[in-house]
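Visitor: take this sequence and fold it.
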Amino acid sequence: MEKIHFRDIATFRGEFSAGIGKFDGVHLGHREILGMISSEAERTGGIPAVFTFRKFRAEFMLCGWEEKLALLEKAGIRICFWCDIDEIYGLSHRAFLDTMVSAGLKTLVVGYNFRFGAGRKGDVKFLQKKQKDKKFNLVIVPPRTSGGEIVNSSKIRTLIKKGEIAKANDFLGRTFSVTGKVISGSNTGSTIGFPTANLSLENNVRAGEGVYAGWAVYKDKIYKAAIVAGVPPSFRDKTEKFEVFMINFSGGEIYGEEVKVFLFKKLREQIKFRDKKKLKLRIAADVEEIKDLLVEEPCLMEAKS
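Guide: This next block holds a predicted model:
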């Protein structure tokens, strides 16, 4: 996939069908739009493209920039026009549309509630009025629903914060993942036979407090994992943490290393144990449950449409 910064868009030569948006998480709703972009590009002979943002304002991102690019490419996008949102924050909706049309836009695919430009003054009605004059075709994609609910990025973020990870995964159409660097912790897990990697997460991700089943990827090797998010109730340390116990890992200390974690399902809330022996027995039971629960590795899971 070719990546072209917005400042260089005037140098592009060719016709394209495009979607415009943040595409945060590239969830089921986004993939409806991406599928339509590819269909329109095939029908008209243009190139499937998107305009999107690398950095934008959000409580946390549902995926990192490189992961978003990979998901867009997997969905069939061949050109990604991009910039950071601050770079065009004051650009009017009229000027933005003129720039896209001058670059070769022939079909624009947007969601039903799409808004754009400074002050979010551009909308679907504006585009409908301009498509004949600007000589582009407009395709409006209706909302994608899952379980009777409209899928959107804000709702997915809320689900992740509440710990409803299985539902969030359904909305994403894939297993939610987050990356972090291993930092020093209390080493309490090591004292009871379950050493954990304490992660400082990228993109300011906030997962709901609880114990999760998932996978950890370290140096391209995948491990089934028990993940604990939140403030540990059984110890004096009241720091919010994201700790990962990688089952059958024997690599020793990995401070400063990067680990990618896939959250599959929440097992339970955290429980306060005054007796370390009881805590150890409960963790052992969680680990056995996770071993039985996890079958497919995340890299083998195709995104569901």
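
Visitor: so Val124 touches Phe114, yeah?
Guide: Yes - counting by Cβ atoms under 8 Å, Val124 does reach Phe114; the two are 5.8 Å apart. Every C-beta, even on glycine, is put in place using the N, C-alpha and C of the backbone.

Visitor: shared neighbours of these two, which are they?
Guide: Residues touching both Val124 and Phe114 by Cβ atoms under 8 Å, 6 or more residues apart in numbering: Ile140.

Visitor: what residues does the one helix or strand Ile227 maps to touch?
Guide: Using DSSP states H and E, Ile227 sits in strand 221-230. With Cβ under 8 Å, 6+ apart as the contact definition, strand 221-230 has outside contacts at 163, 194, 196, 207-217, 240-249, 261, 263, 270, 283, 286-287, 290-291, 294, 297-299.

Visitor: so for Val124 and Phe114, which residue has more residues nearby?
Guide: Phe114 (20 against 15; other Cβ atoms under 10 Å).

Visitor: so what's the more buried one up against?
Guide: Taking Cβ under 8 Å, 6+ apart as the criterion, Phe114 is in contact with Ile20, Gly21, Asp123, Val124, Leu127, Ile140.

Visitor: going by distance to Ser184, which of these wins?
Guide: Nearest to Ser184, judged by Cβ to Cβ, of the contacts of Phe114 is Gly21 at 39.3 Å.

Visitor: now do Leu267 against Pro195, distance only.
Guide: 19 Å (Cβ to Cβ, to the nearest Å).

Visitor: revised request: answer the last question for Ile47.
Guide: From Ile47 over to Pro195 (counting by Cβ to Cβ), the distance is 50 Å.

Visitor: again with His30
Guide: On the measure of Cβ to Cβ, His30 and Pro195 end up 38 Å apart.

Visitor: and the helices in the stretch 101-250 of the chain?
Guide: Under the criterion DSSP state H, counting those that start in this stretch, the stretch 101-250 of the chain contains helices at 124-134, 153-162, 165-172, 188-191.

Visitor: deepest-packed of the ones you listed, please.
Guide: helix 165-172 (a mean of 22; mean count of other Cβ atoms under 10 Å).

Visitor: report pLDDT for Lys238.
Guide: The confidence metric pLDDT takes the value 73 at Lys238.

Visitor: whoops, I mixed them up, Cys299
Guide: For Cys299, the model assigns a pLDDT of 63.

Visitor: check the one 5 residues further on too.
Guide: Model confidence at Lys304, given as pLDDT, is 56.

Visitor: re the thing from before, the helices of the stretch 101-250 of the chain: which one's closest to Arg54?
Guide: Per Cβ to Cβ, nearest to Arg54 of the helices of the stretch 101-250 of the chain: helix 153-162, 15.6 Å.

Visitor: show me how far the closest one is from its chain's centre.
Guide: Helix 153-162 sits 11 Å away from the centroid of its parent chain (Cα atoms, centre = their mean, to the nearest Å).

Visitor: same deal with stretch 197-204?
Guide: 15 Å.

Visitor: now do the buried residues in it.
Guide: Burial within stretch 197-204, assessed by neighbour count using 16 or more other Cβ atoms under 10 Å, is assigned to Ala197, Asn198, Leu199, Leu201, Asn203.

Visitor: swap in stretch 204-221?
Guide: Those would be 205-218, for stretch 204-221 by 16+ other Cβ under 10 Å.

Visitor: same check, this time on stretch 253-273
Guide: Neighbour-count burial for stretch 253-273, with 16+ other Cβ under 10 Å as criterion, is recorded at Val259, Lys260, Val261, Phe262, Leu263, Phe264, Lys266, Leu267, Phe273.

Visitor: least confident pick among these?
Guide: Phe273 (81).
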